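>>> Fold the following for me, if possible:
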Amino acid sequence: MRHLYSRWLEAVHGFHAAKAPFPSQVVFNWSERAARCPVAAGKGSCYRRGMTRPLLIAPSILASDFSKLGEEIRAIDSAGADWIHIDVMDGHFVPNITIGPDVVKALRPHTSKPFDVHLMIAPVDPYLEAFAKAGADIISIHAEAGPHLHRSLQTIRKLGKKAGIVLNPGTHEGSIEPVIDEVDLILLMTVNPGFGGQAFIPSVCHKLRRIKEMVGDRDIDIEIDGGVTSETAPLVAEAGANVLVAGSATFKGGPGAYASNMAAIREAAAKAR
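Predicted coordinates for the structure are as follows:
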């Protein structure tokens, strides 16, 4: 197996085999084990044809204890989180107010895991640079959050970050078509945004399947946010999602339960793929 991986690295990436440590979590399409690629979980991507796209868990700190955010981030990091999902709300685009760039900056030293920043704000353009400088690795914006979606997504990439587009439950998937080659991530809301702990909207799975077909073999992650539990994770994983945002389902029971909570979601999703 190690020999095959080294040969693959040389062929695909031009890496010298001696300099490429073997990541045991890389999963090829002929493997029976669940996929979790440490490269894709970071800032790069290991997805190629013939490989299973990694299944990632991104706990939403919206459901955490805000009085000790730094401790909470360290806890979910050590418990197995792949990304850290940060929900930013402005009280205008959605009916709630959460955090801004200064909080993101303050949290950055607590983990090396990617910050998956979901901007539920409008207009979004004036704040992109601030969140990029604060430490965001992925910045996702809603299709309705500005008049020039192409420009906003291109700006995110010019800032050196991965760009994501977000669709509310009622937003048609056709919004993606004009910008699909400008994004690294498509985030589908399975609740109406603004508050944590809402009930999962199962009809979004139909849209998820259509989006999976649109994406094809593009190097794009498909993320689900809202009502993700060990019961709903198989539904979205089977329909094509590979990144699952889990807030309440991760943080219930306190830090001692975080690892088992995420493991239950991951296992349920992996079985459905």
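>>> What score does residue 38 have for pLDDT?
At residue 38, the model reports a pLDDT of 42.
>>> check contacts around the closest residue to residue 245 other than its chain neighbours.
In space, residue 245 comes closest to residue 225 once its chain neighbours are excluded; the distance is 3.9 Å by Cβ to Cβ, 6 or more residues apart in numbering. Heads up, the C-betas are built off the backbone N, CA and C, glycines and all. If you count contacts by Cβ atoms under 8 Å, 6 or more residues apart in numbering, residue 225 has them with 60, 85, 118, 187, 188, 189, 190, 191, 245.
>>> repeat that for 7 Å
118, 187, 189, 190, 245 (Cβ atoms under 7 Å, 6 or more residues apart in numbering).
>>> One more: residue 227?
Applying Cβ under 7 Å, 6+ apart, we find residue 227 in contact with 190, 191, 198, 199, 200.
>>> cool, residue 149 as well?
Under the contact definition (Cβ under 7 Å, 6+ apart), the residues listed for residue 149 are 143, 179.
>>> distance of it from residue 101?
As defined by Cβ to Cβ, to the nearest Å, residue 149 lies at a distance of 22 Å from residue 101.
>>> cool, residue 188 as well?
In this view, residue 188 and residue 101 are 25 Å apart by Cβ to Cβ.
>>> Repeat that for residue 255.
In terms of Cβ to Cβ, residue 255 sits 27 Å off from residue 101.
>>> try residue 246
Taking Cβ to Cβ, one finds residue 246 at 24 Å from residue 101.
>>> What of residue 203?
Counting by Cβ to Cβ, the gap from residue 203 to residue 101 is 35 Å.
>>> quick one on the thing from earlier: may I ask which of the contacts of residue 225 comes out lowest in pLDDT?
Ranked by pLDDT, the contacts of residue 225 bottom out at residue 190, which has 91.
>>> That one and residue 229 touch, don't they?
No - contact between residue 190 and residue 229 fails when scored by Cβ atoms under 7 Å: they sit 11.0 Å apart.
>>> More neighbours: the two, which one.
residue 190 (26 against 17; other Cβ atoms under 10 Å).
>>> Can you measure across stretch 213-232, start residue to end residue?
End-to-end distance for stretch 213-232: 21 Å, by Cα to Cα, to the nearest Å.
>>> Report the mean per-residue pLDDT for it.
For stretch 213-232, the per-residue pLDDT averages 96.
>>> mind listing the helices for this structure?
Assigned by DSSP state H, the helices in the chain fall at 2-13, 69-79, 101-107, 128-134, 149-158, 204-215, 233-239, 248-251, 258-272.
>>> quick one: average pLDDT of the fifth one?
In other words, helix 149-158. On average, helix 149-158 scores 98.
>>> So for it, what gets flagged as buried?
With burial defined by 16 or more other Cβ atoms under 10 Å, the residues of helix 149-158 counted as buried are 149, 152, 153, 155, 156.
>>> same check, this time on the third one
For helix 101-107, burial by neighbour count (16+ other Cβ under 10 Å) applies to 101, 103, 104, 107.
>>> with those residues in mind, which one is nearest to residue 132?
Residue 132 lies nearest to residue 101 out of the buried residues of helix 101-107, by Cβ to Cβ, at 9.0 Å.
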